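Participant: Sequence and predicted model, in that order:
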Amino acid sequence: MRRLCGYWLVRCLSAHGPAHARQPQMPAQRAHRCLGSRISKHRRSGPGDRLARRVATLVGPLAQGYRYRHHGRADVPGLDAARAGNARIHHTPGRWAAEETWPSPRITTRKFYLTKDGLESDAGDETARVLKPLQTVGITAPRWAARGEDIDTEAPTDQRIDDARSLTFDSEPLEADFEILGQPVVTLDLTVDKPVAAIAVRLNEVEPDGLSKRITYEVLNLTHRNSHEFPEPLESGKRYRIRMPLHDCAHVLKTGRRIRVAVSTTYWPAYWPSPEPVTLKVYAGRSELELPVRPPRPEDKNLKPFGPAFVPEPTSVRTVLKRAPAPTIENTWDLTTKKFTIRHVRDSGRSCIDAIGTELWTTESDVIEILDHDPTSAKIDAQYSNEMNRGDWKVRVESRLSMSLTKENFVLVGHIKALEHDVEVFTKIWDRTIPRMLV
């Protein structure tokens, strides 16, 4: 959370924005609730208050790092947003776009209907589209809090793998460019067959060659459809109308490309799966997509360009003793068992803080796995080792955390061990069971 110009801007680093678009649902790689994007108007006073009504947020993924800026008139509440380009590279061109006030009265809504033939301007006849349960949808999502060196492997990738295992609704190729700025909204008329179910909705842009780029997304635990405080189980076969605002985004949809809405009941490993496999039925002709369309603003051409990315100077000078190897990530699919496994290994290399002569070395590895037919097979195993040396002082901390689940509970098993000169001086093991409570 970062205070900006008198506003508190809470931003979930989970791939907002055009190219890299990771809730009472529990994120799989972070066992906490990510609150997403919320802006609360808590005014500040003091020398900086003249800029207090100017908010700037980068919602495009520039190197998967979110940069916040403010500039322009200080006497008008407004919004500056960045638009970014191609999803296939992690550093993308873009530009600033500014609105005098936010919400802006210039933003209009363009509606598409999810029909049996795709995304269309007319609703057409009602048709039920059915998605059978698959637990491995979501493998193109980004890693939570990806670091700079991970950007080539941890940014969202081509969405076609997940699109092929989701319900998809495509528009015809666009006849002209248009911009979107704000929150797209998807409304689904649906039924499910289990009392606990989730839906993941992705808004993608599909290039003529088939490349599918995620613009934005959202995941909702349907038991929280009315309240996050008081979740309610679902009734099998009952029709629900679910309105899902997606994460804020700023994007230019290009001529000749298609808009795609992709719907699934899982988004692993970004989110833990439901207790049981869920069959989803979406009623095409009764479901909608609303896009916040921003008309061109000639004044945008006068805004400052992005400029080079800011890289702060290190707080201490370090000598590299052993250069870090490139991190590795390996995805495997077992055709016999239908198990999907992700293995991620990172080695920081060895370095020395020159001012105090302390050597540092960190290694970490994650193994993430799930069976495509069994949500309770989901498991994450993470191991870390941190070593520090200086003179005749040598210490190391090793930790391991395993998280799995049953239909009723999340299960956490942890082990931490401290060593001095390779001799164990402290250890702790714990095993905790946490009720799922409609998650």
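Facilitator: Here it is on my side, so go on.
Participant: CA atoms for contacts and neighbours, from now on please.
Facilitator: Noted.
Participant: pLDDT weak spots in this protein?
Facilitator: Where the chain drops to pLDDT under 70, the residues are 1-92, 144-154.
Participant: Is residue 345 bridged to anything, and to what?
Facilitator: residue 328, residue 365 (DSSP bridges).
Participant: surely it meets residue 327?
Facilitator: Yes - with contact taken as CA atoms under 8 Å, residue 345 and residue 327 are classed as touching, separated by 5.8 Å.
Participant: Residue 389: neighbour count?
Facilitator: Applying the criterion other CA atoms under 10 Å, we find 17 residues in the vicinity of residue 389.
Participant: Just the endpoints, please. Distance across stretch 295-308?
Facilitator: Between the start and the finish of stretch 295-308 there is a gap of 28 Å, counting by CA to CA, to the nearest Å.
Participant: Okay, now stretch 218-234: how far is its last residue from its first?
Facilitator: Stretch 218-234 end-to-end distance (CA to CA) = 20 Å.
Participant: And for stretch 279-289?
Facilitator: Here stretch 279-289 reaches across 22 Å from its first residue to its last, counting by CA to CA.
Participant: Stretch 327-343 now?
Facilitator: Per CA to CA, stretch 327-343 runs 11 Å from first to last residue.
Participant: And the contacts of it?
Facilitator: Taking CA atoms under 8 Å, 6 or more residues apart in numbering as the criterion, the residues outside stretch 327-343 that touch it are 136, 149-150, 153, 344-347, 365-373.
Participant: Just the buried positions in that stretch, please.
Facilitator: Neighbour counts over stretch 327-343 (16 or more other CA atoms under 10 Å) mark 329, 339, 340, 341, 342, 343 as buried.
Participant: Next: stretch 281-295.
Facilitator: By neighbour count, with 16+ other CA under 10 Å as the criterion, the buried positions of stretch 281-295 are 281-294.
Participant: now do stretch 176-185
Facilitator: Of the residues in stretch 176-185, those scored as buried under the neighbour-count criterion (16+ other CA under 10 Å) are 179, 180, 181, 182, 183, 184, 185.
Participant: same thing with stretch 240-257?
Facilitator: Neighbour-count burial for stretch 240-257, counted by 16+ other CA under 10 Å, picks out 240, 242, 244-254, 257.
Participant: Summarise which helices and strands the longest strand seen in the chain is packed against.
Facilitator: In the chain, taking DSSP state E as the definition, the longest strand is strand 374-390. Counting contacts by 3 or more CA pairs under 8 Å, 6 or more residues apart in numbering; DSSP states H and E, strand 374-390 is packed against strand 358-371, strand 393-405.
Participant: how about stretch 167-174: buried residues?
Facilitator: Residues of stretch 167-174 classed as buried under the neighbour-count rule (16+ other CA under 10 Å) are 167, 168, 169, 170, 171.
Participant: how far is stretch 255-268 from where the chain is centred?
Facilitator: For stretch 255-268, the distance between its averaged C-alpha position and the chain's averaged C-alpha position is 14 Å (CA atoms, centre = their mean, to the nearest Å).
Participant: try stretch 114-130
Facilitator: For stretch 114-130, the distance from its own C-alpha centre to the chain's C-alpha centre is 28 Å (CA atoms, centre = their mean).
Participant: The buried residues of stretch 240-257 in strands, which ones?
Facilitator: 240, 242, 244, 245, 249, 250, 251, 252, 253.
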